[in-house]
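Chemist: just coords:
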Ligand SMILES: [Zn+2]
């Protein structure tokens, strides 16, 4: 069965490789903003971003993961799990919460230690697949103000890899 997410996965992998060539993802504000997305900060019902999930799958759980766990997972769901960047040593907090059998949210908050290399984060930021979750009209409005859908993945890639 063809996997609809594969083009996004390839795109995210290319962006991640770019970050690793420049040291690590910590120095890219647009990466930090994307992977730390928290629906609660925007008064939304549970939502996550496909792009966020794909970056975390690579950067935290991938074969060449750059954020490495320090100690075991937290005893309580929702508590931060300490990670560290294996390249620059920055601290990164991984948070995971499950809302239903099909809905969980995972975010990573990176505390950079080095100067930024990437361009500043902007709102609305371009995403290809973007947010998913169960929401109403007010959720949709808020999400529309935070994210802008792009149809071309290369536009997403250029945005994520733009240098300062
Ligand atoms: Zn780093």
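Modeler: Everything's here; your move. Here the structure is a predicted model, which is why all the values come from computation and not from measurement.
Chemist: Report the contact partners of the residue sitting nearest the centre point of the chain.
Modeler: The centroid of the chain falls nearest to residue 35 when counting by Cα atoms, centre = their mean (2.2 Å). Contact partners of residue 35, counting by Cβ atoms under 8 Å, 6 or more residues apart in numbering, are 52, 55-56, 59, 107-108, 110. (Glycine included, C-beta is placed from N, CA and C.)
Chemist: Next, format those residues as JSON lines and append pLDDT and secondary structure.
Modeler: Output for the contacts of residue 35, formatted as JSON lines (pLDDT from 0 to 100; DSSP: H, G, I helix; E, B strand; the rest coil):
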{"residue": "52", "pLDDT": "98", "secondary structure": "helix"}
{"residue": "55", "pLDDT": "98", "secondary structure": "helix"}
{"residue": "56", "pLDDT": "98", "secondary structure": "helix"}
{"residue": "59", "pLDDT": "97", "secondary structure": "helix"}
{"residue": "107", "pLDDT": "97", "secondary structure": "strand"}
{"residue": "108", "pLDDT": "98", "secondary structure": "strand"}
{"residue": "110", "pLDDT": "98", "secondary structure": "strand"}
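Chemist: Can you narrow the residues you listed down to the ones near the ion?
Modeler: Applying Cβ under 5 Å from the ion, the subset of the contacts of residue 35 adjacent to the ion is empty.
Chemist: okay, those in TSV with neighbour count next?
Modeler: Output for the contacts of residue 35, formatted as TSV (neighbours: other Cβ atoms under 10 Å):
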residue	neighbour count
52	23
55	23
56	22
59	26
107	22
108	25
110	24
